[in-house]
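*Asks:* Sharing a model prediction with you, sequence too.
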Amino acid sequence: MKTFISFVRKEFLHILRDKTTLLIMFAMPIVMIILFSYAISTEVKNISVAVLDFSKDEQTNRIIEKFNQNKYFQIKQYLTTNKEIEVAFKEKKINLVMVFSENFAENMLHTHEASIQLLADGSEANSGAMYIGYAQGVLGSYLKEINSDAGATQSFQIQTNSTMLYNPQSKSEYNFVPGVIGMMLLLLNAMMSSIAIVREKERGTMELLLASPMPPIQIILSKTIPYLTLSSITLLLVLVFAHFVVGVPINGSVGLLLLLCLLYIFTALSMGLLISTVMQTQISAMLVSGMVLMLPTIMLSGMVFPIESMPNILQWLSCIVPARWFISALRKIMIQGVDITAVSTEFLILIGMVVLYLIIALKKFKIRLQ
Amino acid sequence: MLYGNDFNVIANVSKVIYKTKHINSQLSKEKQNNKTTMTNDDIIQVKDLTKQFGKFTAVNHITFNVKKGEIFGFLGANGAGKTTAMRMLCGLSYPTSGKGLVAGFDISKQQEMVKKNIGYMSQKFSLYEDLKVWENFSLFGGIYGMNRKEIKDRTDKMLKELNFENERNAMVSSLPLGWKQKLAFSLSIFHNPKIVFLDEPTGGVDPITRRQFWEMIYAAADRGITVFVTTHYMDESEYCDRVSIMVDGRIDALDTPQNLKNLYSAKDMYDVFLYLARTAKRS
């Protein structure tokens, strides 16, 4: 145990004295979150709205007026038929189309079936979700207003039916946070730890360690501990920052969230271990981490491009990307607030991956020692 | 140990054969002669040690013994199999066949025990550049299970011997190469091993530092640490008590430098080495 502790201490010193590593570990995730949230906060101003009003009554006029008064919305166009909707999106740079159903005011009062369809341009997933969110906010406050005017005798209801065009499954307003966390944890744990192990091989210090009575498995394990610790700190930092500064909701249980992140950190560490047993130089470890880990994580995890709209073959390929399962589970927990039964598939797949990577890595490691 | 005794018998027999073979080789110096008779003190015993990588036989049935407290030079051209043999002795690699005992432990079965009793300094420079001098000492003390006080006392003593007391807090990367090599050697004997394996320890070091380095090796040998050293500098091989020369995975010569020179009627070890190395078929 004493040998183990002195070894772990050494690993911490390596990291703490390497400014680049520290920068990547702590500054990069925060910068990414700031960049993403900044991009979002600028894009939701000046939302161009087109209205397709099949009812044209007192209520719809008042709602349209509400939108006009709101500083975030600008009514740019009045449509008359469904066909014009697509043209509006494609040619008039409209962000959001509101469609009022027929007999709106009457239905609002009597049948409770007054409905507004909100169609948003979802090609930029985050902004699209923001348009709808904002519009729902305006409608919500309008309803509150007329309900309190009417007193307790009457209750008005509007059904909103929102659709994101061009990117139908993107339900979350804060897709980027799970994505950033998924990429960051992978980068820190798989790439940095594999590079750290390979660095010892390259510099010849690994020989020295292998010639010491310390069992090889302990050498490797002790290298992963600092990364586990530091990335947990970064994770907390990012979560706190995302929640309190950017305002991303955490609807599910925090315990489950941390458990999921821990499992994912283990997945990333075992991947790093596997890479380090195969690669001999830092450059090759970096390249492999870049090509085999980073690219699929960005392209195939659903972080940037929705998995459902990929060609079938890429959808299958995405199944072997751990970040896909992690990001999906993280979204469900953070934004939808589900419990563990709803994310059990993701948990089981990640556990399976850890076991698989570890078995291959340990086998490879033993062969190398022969 | 039963197996060890069997081993000694075999080793003695092979030694007798070896001696009759080279009957005309002169008697070595008094001191070395005393040592060669004390075969029970053999700290490394190797018999028919072989390592194959696929069809390539890197080390081909080598047999030799190293006596306690001896400085044993392990010579050979690049690719002759020195490093592979040394790695097997250090428990870094498993032999394909043959037996080896290091400090009384079997190199194929008791690698952990072998590693506890040896020190190792590799060909590549092997200190942590981004750690301070004392942190390197403390790390290796910790790895070999020394407690805090032992580590502190040993560090003080070693730094004093090296005259490095002012560099205790210096980052290793800021030191000149010669200093680093001396530090690396100190580190390899920090835990008082029975044997220290040095793989080309003086590569790229200036003559003065090499001289000082060999003084450190002698000091370690005086303290009873057996030194097993590979080198490409033939003048250094003259400093060894006994020298073996590997050619194509075999040990083609093994004796004191003086005896080898007499045997091959060479004026120095350089000629001995050239004579043997030229017989190599691999290169």
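*Replies:* On my side now, so go ahead.
*Asks:* Which element, helix or strand, includes residue 184?
*Replies:* I'll assume chain A. Using DSSP states H and E, residue A:184 sits within helix A:176-186.
*Asks:* please go with chain B instead
*Replies:* helix B:177-188.
*Asks:* List of residues touching the helix or strand following that helix?
*Replies:* As assigned by DSSP H and E, the chain's next helix or strand after helix B:177-188 is strand B:195-199. The contact list for strand B:195-199, computed with CB atoms under 8 Å, 6 or more residues apart in numbering or on different chains, reads A:211, B:43-44, B:66, B:83, B:86, B:89-90, B:102-103, B:117-123, B:185, B:188-189, B:217, B:220, B:225-230. Placement of C-beta: from N, CA and C, glycine included.
*Asks:* Drop the exposed ones from these and show what's left.
*Replies:* A:211, B:43-44, B:66, B:83, B:86, B:89-90, B:102-103, B:117-123, B:185, B:188-189, B:217, B:220, B:225-230 (16 or more other CB atoms under 10 Å in any protein chain shown).
*Asks:* Which members of those residues are positioned in strands?
*Replies:* Judged by DSSP state E, the subset of these located in strands is B:43-44, B:66, B:102, B:118-121, B:226-230.
*Asks:* Nearest to residue A:162 among those residues?
*Replies:* When these are compared for distance to residue A:162 (CB to CB), residue B:120 wins out at 67.9 Å.
*Asks:* just checking, that closest one touches residue A:207?
*Replies:* Yes. At 7.4 Å, residue B:120 counts as touching residue A:207 under the criterion of CB atoms under 8 Å.
*Asks:* does the residue nearest to residue A:97 when sequence neighbours are not counted count as helix, strand or coil?
*Replies:* Spatial nearest neighbour of residue A:97, excluding adjacent residues (CB to CB, 6 or more residues apart in numbering or on different chains): residue A:119 at 4.3 Å. Recorded secondary structure, residue A:119: strand (DSSP: H, G, I helix; E, B strand; the rest coil).
*Asks:* do residue B:169 as well
*Replies:* Relying on three-state DSSP, one would call residue B:169 coil.
*Asks:* excluding its backbone neighbours, what's nearest it?
*Replies:* Here the residue nearest residue B:169, using CB to CB, 6+ apart, is residue B:132, at 5.4 Å.
*Asks:* before we move on, back to that, how far is the helix holding residue B:184 from where the chain is centred?
*Replies:* Relative to the chain's own centre, helix B:177-188 is displaced by 16 Å; criterion: CA atoms, centre = their mean, to the nearest Å.
*Asks:* Next, the angle from that helix to strand B:195-199.
*Replies:* For helix B:177-188 against strand B:195-199, the angle by axes from the mean of the first three to the mean of the last three CA atoms, to 10 degrees is 150 degrees.
*Asks:* Please export the C-alpha coordinates of helix B:177-188 as CSV.
*Replies:* Only the C-alpha atoms of helix B:177-188 are listed here, as CSV (Å, rounded to 0.1, in the frame of the first residue of the first chain):
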residue,chain,number,x,y,z
LEU,B,177,23.6,14.6,-18.3
GLY,B,178,26.7,13.4,-16.3
TRP,B,179,25.0,14.4,-13.0
LYS,B,180,21.8,12.7,-14.0
GLN,B,181,23.6,9.5,-14.8
LYS,B,182,25.3,9.5,-11.4
LEU,B,183,22.0,10.2,-9.8
ALA,B,184,20.4,7.4,-11.7
PHE,B,185,23.1,5.0,-10.5
SER,B,186,22.6,6.2,-6.9
LEU,B,187,18.9,5.6,-7.3
SER,B,188,19.5,2.0,-8.6
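*Asks:* And it, what's buried?
*Replies:* B:178, B:179, B:180, B:181, B:182, B:183, B:184, B:185, B:186, B:187, B:188.
*Asks:* Kindly report the same for stretch B:206-214.
*Replies:* For stretch B:206-214, by 16+ other CB under 10 Å, it's B:209, B:210, B:212, B:213, B:214.
*Asks:* Go ahead and list the helix or strand containing the second one.
*Replies:* Element membership of residue B:210 [criterion: DSSP H and E] is helix B:207-222.
*Asks:* Return the list of helices and strands in contact with that helix.
*Replies:* In this structure, helix B:207-222 packs against strand B:71-76, helix B:177-188, strand B:226-230, with contacts taken as 3 or more CB pairs under 8 Å, 6 or more residues apart in numbering or on different chains; DSSP states H and E.
*Asks:* Which of these comes out lowest on mean pLDDT?
*Replies:* Among these, helix B:177-188 carries the lowest mean pLDDT, a mean of 89.
*Asks:* ok and it relative to helix B:207-222, angle-wise?
*Replies:* 10 degrees.
*Asks:* Identify all contacting residues around helix B:177-188.
*Replies:* B:119-121, B:125-127, B:133, B:136-137, B:140, B:158, B:161-162, B:164, B:167, B:172, B:175, B:196, B:198, B:201-202, B:204-206, B:208-209, B:212-213, B:216-217.
*Asks:* let's see it at 6 Å
*Replies:* Contacting residues not belonging to helix B:177-188 are listed as B:119, B:120, B:121, B:126, B:127, B:140, B:158, B:196, B:205, B:209, B:216 [CB atoms under 6 Å, 6 or more residues apart in numbering or on different chains].
*Asks:* hey, what's residue B:46 bridged with?
*Replies:* residue B:64, residue B:100 (DSSP bridges).
*Asks:* Write out the residues of chain A neighbouring chain B.
*Replies:* Residues of chain A lying near chain B by CB under 6 Å from any CB of the partner chain: A:3, A:6, A:10, A:13-14, A:17, A:204-205, A:207-208, A:210-214, A:370.
*Asks:* May I have the secondary structure class of residue A:240?
*Replies:* helix.
*Asks:* pLDDT wise, what is it at?
*Replies:* So residue A:240 comes in at 88 (pLDDT).
*Asks:* ok, now how distant is residue B:75 from residue B:184?
*Replies:* 21 Å (CB to CB, to the nearest Å).
*Asks:* so how many other residues sit close to whatever residue of the stretch 151-300 of chain A ends up closest to chain B?
*Replies:* Relative to chain B, the nearest point of the stretch 151-300 of chain A is residue A:204 (2.7 Å; CB to the nearest CB). Look at residue A:204: counted by other CB atoms under 10 Å in any protein chain shown, it has 15 neighbours.
*Asks:* Now for the residue nearest to it when sequence neighbours are not counted, how many residues are close by?
*Replies:* Leaving out its chain neighbours, the residue that sits closest to residue A:204 by CB to CB, 6+ apart is residue B:124, at 2.7 Å. Neighbourhood size, residue B:124 [other CB under 10 Å]: 15.
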